[in-house]
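Trainee: Generate coordinates for the sequence data below:
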Amino acid sequence: MSIRRAALAGSWYPPTPDALGAEVDGHLAPAASECRGEVRAIVAPHAGLMYSGPVAAYAYSLLSGRRYDVAVLVGPSHFVGFDGVAVYGRGAFETPLGRVPVLEPCAAALALASPIVREHPGAHVREHSLEMQLPFLQRVLPGTPIVPLVMGYQTRETILDLAAALASVLAGREALLVASTDLSHYQDAATAARLDGRVIDFVRALDPEGLLAALEAFPRHACGGGPLVSVMHAARGLGADAARILRYADSGDVSGDKTAVVGYLAAALGRFEA
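Mentor: Prediction:
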């Protein structure tokens, strides 16, 4: 079995099962919220657990008690430049909480659905955008398999091709989409809130076309803007007709330094009851 080993245990999050579980649970407890209806996708950040965990918890708390056949994780590549989307097609991802299996038939179907989706194990070795989602998934959706997708160069063609492949392959499945993104980086808090507010407005309106145009004009709005647009498009194709903004914060809320912050967003996309 091909195992993607944890790259950040002991640095970005605790290295032992008990300590990691306790920290994740500590973030989830105050974030508990109700959402009646179908959750097709969530948006969650991917910084160190102490920084972005309090925000990510608001997205993951909505999933407690729900059931999905697969969680498809879509994040940006921070370390390896490449065209298209790297799928980790077999085996499992490992964290201190255990191994999360890859749903291999679903991964293979995505690769067949689009030539831009192909195996590139090297893109996953150090990448944190997906790894930081796993402890929350293991806590709220234990046993749910994943399909890990890392997007390389965030071109319009790649973003839209991936969206179409996701909507096609996941139709008829009980699938959860996870868009992994942080928002603006290293602005003062007031500037970050203004920049991040544009992204939040497009997410709230479930308007991936508008968000893509904004990101093309100013890519620094979000490091995972491309994955976010793909997930928004795919979620709409799978029946989502509304979005809920669950939480926004910045790294300065934890560090106390508001001069150079990273913005974090938690949101849900789906069909919600009033």
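Trainee: The stretch 51-200 of the chain: helices as residue ranges?
Mentor: Here the stretch 51-200 of the chain has its helices, by DSSP state H, counting those that start in this stretch, at 104-113, 128-131, 134-140, 156-170, 189-204.
Trainee: So which of these is nearest Gly48?
Mentor: helix 128-131 (8.8 Å; C-beta to C-beta). Where C-beta positions appear, they are placed from N, C-alpha and C, glycine not excepted.
Trainee: who's in contact with the closest one?
Mentor: The contact list for helix 128-131, computed with C-beta atoms under 8 Å, 6 or more residues apart in numbering, reads 6-8, 12, 46, 73, 75-78, 93, 95, 124, 148-150, 180-181, 224, 227.
Trainee: Please name the nearest non-neighbouring residue to the residue nearest the centre of the chain.
Mentor: In the chain, the C-alpha nearest the mean C-alpha coordinate belongs to Ser180, at 2.3 Å (C-alpha atoms, centre = their mean). Leaving out its chain neighbours, the residue that sits closest to Ser180 by C-beta to C-beta, 6 or more residues apart in numbering is Gly75, at 3.6 Å.
Trainee: could you redo the helices of the stretch 51-200 of the chain as JSON lines and give each row distance to Val261?
Mentor: Converted to JSON lines, those look like this (distance: least, C-beta to C-beta, whole Å):
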{"stretch": "helix 104-113", "distance to Val261": "35"}
{"stretch": "helix 128-131", "distance to Val261": "18"}
{"stretch": "helix 134-140", "distance to Val261": "22"}
{"stretch": "helix 156-170", "distance to Val261": "26"}
{"stretch": "helix 189-204", "distance to Val261": "5"}
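Trainee: out of those helices, which comes closest to Pro30?
Mentor: Here helix 134-140 is closest among those (C-beta to C-beta), at 14.3 Å.
Trainee: Can you tell me which helices and strands that closest one packs against?
Mentor: Packing partners of helix 134-140 (3 or more C-beta pairs under 8 Å, 6 or more residues apart in numbering; DSSP states H and E): helix 17-31, helix 49-60, strand 92-95, strand 98-101.
Trainee: repeat that for 10 Å
Mentor: helix 17-31, strand 37-44, helix 49-60, strand 70-76, strand 92-95, strand 98-101, strand 146-151, strand 175-180 (3 or more C-beta pairs under 10 Å, 6 or more residues apart in numbering; DSSP states H and E).
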